[in-house]
Structure formats: C-alpha cells, structure tokens
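Q: from the sequence below, what's the structure:
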Amino acid sequence: MAQNLSFNKNEDALKLMLSDVRSKLNKIALGGGKSKIEKHKAKGKLTARERIELLLDKGKPSIEIGAFAGWEMYKEHGGCPAGGVVVVMGYVSKKLCIIVANDATVKAGAWFPITGKKNLRAQEIALENRIPILYLVDSAGVYLPMQDEIFPDKEHFGRIFRNNAILSSEGITQIAAIMGSCVAGGAYLPIMSDEALIVDKTGSIFLAGSYLVKAAIGEDIDNETLGGATTHSEISGVTDYKSKDDPDCLKSIRNIVDKIGAFEKAGFNRIKAAPPAKDEKEIYGLFPADRAKPYDTREIIDRLVDDSAFEEYKAGYGQTILTGYARIDGWAVGIVANNREIIKNKKGEMQFGGVIYSDSADKASRFIANCNQKKIPLVFLQDVTGFMVGSRSEHGGIIKDGAKMVNTMSNSVVPKFTVVMGNSYGAGNYAMCGKAYDPRLIVAWPTARLAVMGGAQAAKVLLQIEKASLASKGEEITPEKEQQLLEKIQKRYDKQTTPEYAASRLWTDAIIDPLETRKWISMGIEAANHAPIKKAYNPGVLQA
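A: Got it, this is the predicted structure:
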C-alpha cells in the first residue's frame, strides 16, 4: 500500500516501543545477573532457559508465558525477574507441552507471591487444554521474608499441590525433574507428579534440610545422604529415574513424552494455512501512534488473517464492533473487534470508534452465540474505551445490552483468545474478554493500555479528590500547585496503565510484537484442540 507521513510516524513509534520491550526482555533473560549465572554453572547446572531450550524440539515454534512477571516489583527485596520461574509452551517430542522451570539464579529459585501466581497460571493452561506439564525443579521454597503473602490463601503456594492432584485425576500428564534444591512443602510438587527424575549430585529433595534436622532432632547428616539422587532412587523409592547430569535428565524426559498416546480432539476446523494477502508488516504504520486518532480496524484484521479474507457478520449494523469469520494459520475463528472508525449509523447519528453502543453489544452477543453453536474459537481484538454513556444510551437500555454481551461471552464454551491492541478501559475490558473472563491466552501489543478509564479523565477525577482533601486541611490551591498536582497524578496513573505494568502482574500473558499475534492464536487453538468441549452452550436468561 502507498505510505504517507502519518504511516511512517506510526511505524517509527511502534518500532521504538518494540525495541524498548525487547531491551527489557533481554534484561529479564539474565535472571539474577551474570555473576549468579556463573556461580550456577560452576555447580555443573544449566540455567532454566538452557534447560528449556534443550528440552524443546528444534525448529518448532514456542511462546513464553509471563516473561514480564514481577517486572519492577519487590525492589526492596532485590527484584524478581520473570517471577523467578520461566514458563514456556512448546513442542517436546512433537507433543505440545507446558514447561515450568525454576530460575535458581533469582534468590535460589525462591517463591515470591508473583511466582506462585505464575505457576498457577501454567497449571491452569495445562488443565484447560489438557496438555502435559513438565516441571524442572530447582527452588529453595517459599521466600520467607514474604511468607505471609505466599503461604496460606487460595491462590498461594498450597494451591499448586491441590492442582497437582486435580491434574492427575483428570489424566493430564505431569513429569517433574529435580535438578537442584527441592525442599519443605515444595517437595510435594515433583512427587505428586506422575513420574519424577532426579539429577545425581545436584538434585536433592527433603522435607527438612540437614541444618533443620540437626536443630529439630539432633541428627548429624549431610544433604546428599539425607535426600540426594542415590538415596531417593535406591533406598526410599521416592524418585523414578536417576540422571547423571542435566542433559541426560532432559533427554529422559523427551523419551518419556515421546511415548504418550494420542489425545481425543475437540475438533476445531483447520485447513492448510495461508499467509495474509496484505503485508503483515504494514500493521506498524496503520496502527496510530496517537491513541485518539480513528482508524479502520478492518485494515488490521486483513493483515492478521489467512488470505486477508474476513467474512463480516452484520456489517451494516452495530458498526463500532466488527464481527466475522476468518482463518488464522488455517484455524477457523470468529473475530470480535472494536472498530475505531467514527461512523454515522442508519439513523444519521454519529458514533465514536472504540465505544460500545447498544446495537454493537447486541450484534456481538448474537455472533458469540453463533460461534458457540458452530464450535468456532473466538478471538477478541481490544481497542475499547468503554460503553456509551448519556441519557440517550441509558434510555435505550445500554446497561441491558451490555449485560447481555458480558453474559453471552462469559458463558461461552468455545475457547477464547484476547489481543489488547490499544485501549482496554473499564467495562469494555470485561465485555471484550479481559483476564477475568478466562481467555485461554491474553496478550498485549506494546501500544496497549489497561485501566478503569483513560489517563486524562482519571487524572482530573483524582485531582478533584486531592484538591478536596487539601482544602479540608486548610491548604490553599493555587493554579500553579493545581497544575503540579495534575502532572504528578497523571504520571503515576499513566505508569499504572502501561502494558509492562499489566504483564508484571500477569493481567496479560505477554507483550508481543503484532507480527507474533498469528503464532500465539494458532498455538493457543492447537492446545485447546486437546480438550473436547463437554459442556453444552447455555447463554443464560439475558439472551431470552
């Protein structure tokens, strides 16, 4: 397509954002830092990422879940890059698996609160999609200075073992390799898995280490005798395989996975894949650097779907949401996307792009129901500022129509995938399948922003609250001080809406290059195809 100055500015802005994301990911990949990596390798161990690389099939695609977990969190504790654990979905012996590898260069692999959340997310993906989960264990257990935030609650450390039991009861393969420390409550994870491997001399597993044993019962014993590979492979029978080193252990895992039988398929429709007919790289120039600038979302869809073929549903109705059928990497999908065009509807009324109106909510509800009936996975492309407000919308029943859309989407039984391209504000985040609505995978582009409302509006509301508070204390608010307060509030709020802030807390699974969108959705549907749909679609009373 012909490029203009606006296209080039958009392209430059997005590529700069991508460069910044990649720079941060390179820093995250260093874990605890180069000196910690050197000490780790001096023990004869591979790093978490090296272990995963050896385990994965060469030349096959993979995706990393939660790389930004913990980003700029726990600064007073020295930080926790990637949450101290690396999680990857990829192919092992031609089978799609989830791999969870503790990073022992980060506080000896200790569990921070975000570590627990990330492990639970990995187990959730395995459970929802019925794919094998492989644990590469090298962890000192709970990070004691924060034990009150990781130990007892429903989404804390103990939930991991509950999930081990549930996965086992569902017949979902779990294989654990003890490749370093595995202590206290953490010792249950590998032993609650189906099969456990242990690496000689570097792997150890026990409920209490030698120092605690000495303090508790007065027994003198070294850790290797207490819970090393020989002890558990030849005396206790706790582990099933003894490996001479990391590569040997990883080879054994590949051999075990190679023997896993075929799975029952969900039966999602797939044909031979085709690239988009329109150049995917043009997304960089088409997506506006100015968040308020309108654009035709169809142009983005055309560069995401096979052959750029998008069969639009109800094209002339409810035009601030686009709905239609397409294929991504051969997989049939139903797309629900916020249209950012400013349009005039059939009544002659102007409608703002990115806003959900009653007619667009109604259309989306009907389309979601159709996809459930046809067993077609759903893809949500978010760039939404929320639902329309004002007397006309309220009198027209926007609450009812919005509730209908949320209800239909929530009760959907086909797998859902969400891409946050731009804005993801307020109830729009909910209706367009935000994290709270169980998308199988949810990713953000570097252009994403997630918040209860836009930064400018929120800052003005927060400013009024702050001014009222200061005035109640008798402080005078000069125009200069008001401007300073506004800038301070806006800066803080804007930071909380960035994709890095969201990804650090696992509100999204990753920040991705727009050109990786097809891969994420394709691998997500392939994983979902392992899990037949057992529940009949029931859209609920609001659909009546």
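
Q: could you use CA atoms for every contact and neighbour count after this?
A: OK.

Q: Ala229: how many residues sit nearby?
A: A total of 28 residues lie near Ala229 under the criterion other CA atoms under 10 Å.

Q: my guess is it meets Cys182, correct?
A: No: taking contacts as CA atoms under 8 Å, Ala229 lies outside contact range of Cys182: 11.8 Å.

Q: so for the longest helix along the chain, what gets flagged as buried?
A: Longest helix in the chain by number of residues (criterion: DSSP state H): helix 5-28. Neighbour counts over helix 5-28 (16 or more other CA atoms under 10 Å) mark Phe7, Lys9, Asn10, Glu11, Ala13, Leu14, Lys15, Met17, Leu18, Val21, Leu25, Ile28 as buried.

Q: show me where the stretch 301-450 of the chain has strands.
A: 311-313, 321-328, 331-338, 343-344, 350-351, 355-356, 378-384, 386-387, 416-425, 441-444, 449-451 (DSSP state E, counting those that start in this stretch).

Q: any chance of those in CSV, with distance to Lys460 and mean pLDDT too?
A: As requested, the strands of the stretch 301-450 of the chain are exported to CSV (distance: least, CA to CA, whole Å; pLDDT from 0 to 100):
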stretch, distance to Lys460, mean pLDDT
strand 311-313, 39, 98
strand 321-328, 29, 98
strand 331-338, 26, 98
strand 343-344, 28, 78
strand 350-351, 24, 78
strand 355-356, 21, 94
strand 378-384, 20, 97
strand 386-387, 18, 88
strand 416-425, 16, 97
strand 441-444, 26, 98
strand 449-451, 15, 92
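
Q: output the ones you listed as JSON lines; include the columns distance to Gly90 and mean neighbour count.
A: Shown next, in JSON lines, are the strands of the stretch 301-450 of the chain (distance: least, CA to CA, whole Å; neighbours: other CA atoms under 10 Å):
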{"stretch": "strand 311-313", "distance to Gly90": "31", "mean neighbour count": "16"}
{"stretch": "strand 321-328", "distance to Gly90": "18", "mean neighbour count": "25"}
{"stretch": "strand 331-338", "distance to Gly90": "18", "mean neighbour count": "26"}
{"stretch": "strand 343-344", "distance to Gly90": "42", "mean neighbour count": "14"}
{"stretch": "strand 350-351", "distance to Gly90": "43", "mean neighbour count": "15"}
{"stretch": "strand 355-356", "distance to Gly90": "36", "mean neighbour count": "26"}
{"stretch": "strand 378-384", "distance to Gly90": "21", "mean neighbour count": "27"}
{"stretch": "strand 386-387", "distance to Gly90": "35", "mean neighbour count": "22"}
{"stretch": "strand 416-425", "distance to Gly90": "18", "mean neighbour count": "26"}
{"stretch": "strand 441-444", "distance to Gly90": "14", "mean neighbour count": "26"}
{"stretch": "strand 449-451", "distance to Gly90": "28", "mean neighbour count": "25"}
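
Q: between Ala229 and Cys182, which contacts overlap?
A: Gly203, Ser204 (CA atoms under 8 Å, 6 or more residues apart in numbering).

Q: ok now the longest helix of the chain, how far from the chain's centre?
A: 20 Å (CA atoms, centre = their mean, to the nearest Å).

Q: give me the contact list for that helix.
A: With CA under 8 Å, 6+ apart as the criterion, helix 5-28 contacts 67-68, 81-82, 284-289, 446-447, 511, 513.

Q: helix/strand/coil for Arg49?
A: Judged by DSSP: H, G, I helix; E, B strand; the rest coil, the three-state class of Arg49 is helix.

Q: can you count the residues close to it?
A: Neighbours of Arg49 (other CA under 10 Å): 19.

Q: select, out of the strands of the stretch 301-450 of the chain, the one closest to Ile52.
A: Closest approach to Ile52 among the strands of the stretch 301-450 of the chain (CA to CA): strand 441-444, 20.5 Å.

Q: what is that closest one packed up against?
A: strand 416-425, strand 510-511, helix 517-528 (3 or more CA pairs under 8 Å, 6 or more residues apart in numbering; DSSP states H and E).

Q: isn't Ser193 up against Ala176?
A: Yes: look at Ser193 against Ala176 with CA under 8 Å: they come within range, at 6.3 Å.

Q: the two: which is more packed in?
A: Ala176 (25 against 22).

Q: next, the more buried one: phi, psi?
A: phi -120, psi 140 (degrees, to the nearest 10).

Q: report the beta-bridge partners for it.
A: Applying DSSP bridges to Ala176 gives these bridge partners: Tyr135, Ala196.

Q: next one: it from Ala361, what distance?
A: Using CA to CA, to the nearest Å, one gets 46 Å for the distance from Ala176 to Ala361.

Q: run through the protein and note the low-pLDDT ranges.
A: 2, 185, 395, 454-459, 463, 541-544 (pLDDT under 70).

Q: doesn't Ile205 belong to a strand?
A: Yes: Ile205 forms part of a strand when assessed by three-state DSSP.

Q: and it, what are its bridge partners?
A: Cys182.

Q: out of everything not next to it in sequence, what's closest to Ser360?
A: Excluding its sequence neighbours, the residue lying closest to Ser360 (CA to CA, 6 or more residues apart in numbering) is Gly318, at 3.7 Å.

Q: for that neighbour, what are its contacts?
A: Tyr357, Ser358, Asp359, Ser360, Ala361, Asp362, Lys363.

Q: got the phi/psi numbers for it?
A: In terms of degrees, to the nearest 10, the main-chain angles of Gly318 are phi 50, psi 50.

Q: state the distance from it to Phe367.
A: 12 Å.

Q: now Ile99, what's its secondary structure?
A: strand.

Q: please name the nearest non-neighbouring residue to Pro247.
A: Leu54 (7.4 Å).
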